[in-house]
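Trainee: coords below, sequence missing:
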């Protein structure tokens, strides 16, 4: 797993996305499409090391955060800038698409 990939929960979510650019992958271990996105998210953590935060949050363990953000389908990737949602992607997307989304927020 990529060393720069952060794992979030209900306790550390707010402080993690509060400043800078953060891409958060909302997933569950049992979700097939989530497993397809996982290697892409891990690569993005390496690509954006030092310029953006890339994180994952398990919706089964962080139900409060998922509910608060109205995440109803997974995988959902939400891009935050200084604590505000700037883009939401539902479903599987390729690495280039996600890279361009993060770069546009930097």
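Mentor: Nice, thanks for sending it over. Please read all numbers here as calculations on a predicted model, not as lab measurements. Numbers count the residues shown, from 1 in each chain.
Trainee: drop to CA atoms for contacts and neighbour counts, all remaining ones
Mentor: Fine.
Trainee: just the strands in this structure please.
Mentor: Listed in chain order, the strands of the chain (DSSP state E) span residues 5-8, 21-27, 53-58, 76-81, 84-90.
Trainee: which of those strands is buried the deepest?
Mentor: Most buried of those, by mean neighbour count (mean count of other CA atoms under 10 Å): strand 21-27, with a mean of 25.
Trainee: now that strand: how far from the chain's centre is it?
Mentor: 1 Å (CA atoms, centre = their mean, to the nearest Å).
Trainee: what does stretch 68-80 give?
Mentor: On CA atoms, centre = their mean, the centre of stretch 68-80 falls 8 Å from that of its chain.
Trainee: Ok, stretch 34-42 next?
Mentor: With CA atoms, centre = their mean, you get 10 Å for stretch 34-42.
Trainee: likewise stretch 68-84?
Mentor: Using CA atoms, centre = their mean, the offset of stretch 68-84 from its chain centre is 7 Å.
Trainee: Now do the same for the lengthiest helix in the chain: mean pLDDT, whole number.
Mentor: When the chain is parsed with DSSP state H, its longest helix is helix 32-47. Helix 32-47 comes out with an average pLDDT of 96.
Trainee: Which other helices and strands does that helix contact?
Mentor: strand 5-8, strand 53-58, helix 95-105 (3 or more CA pairs under 8 Å, 6 or more residues apart in numbering; DSSP states H and E).
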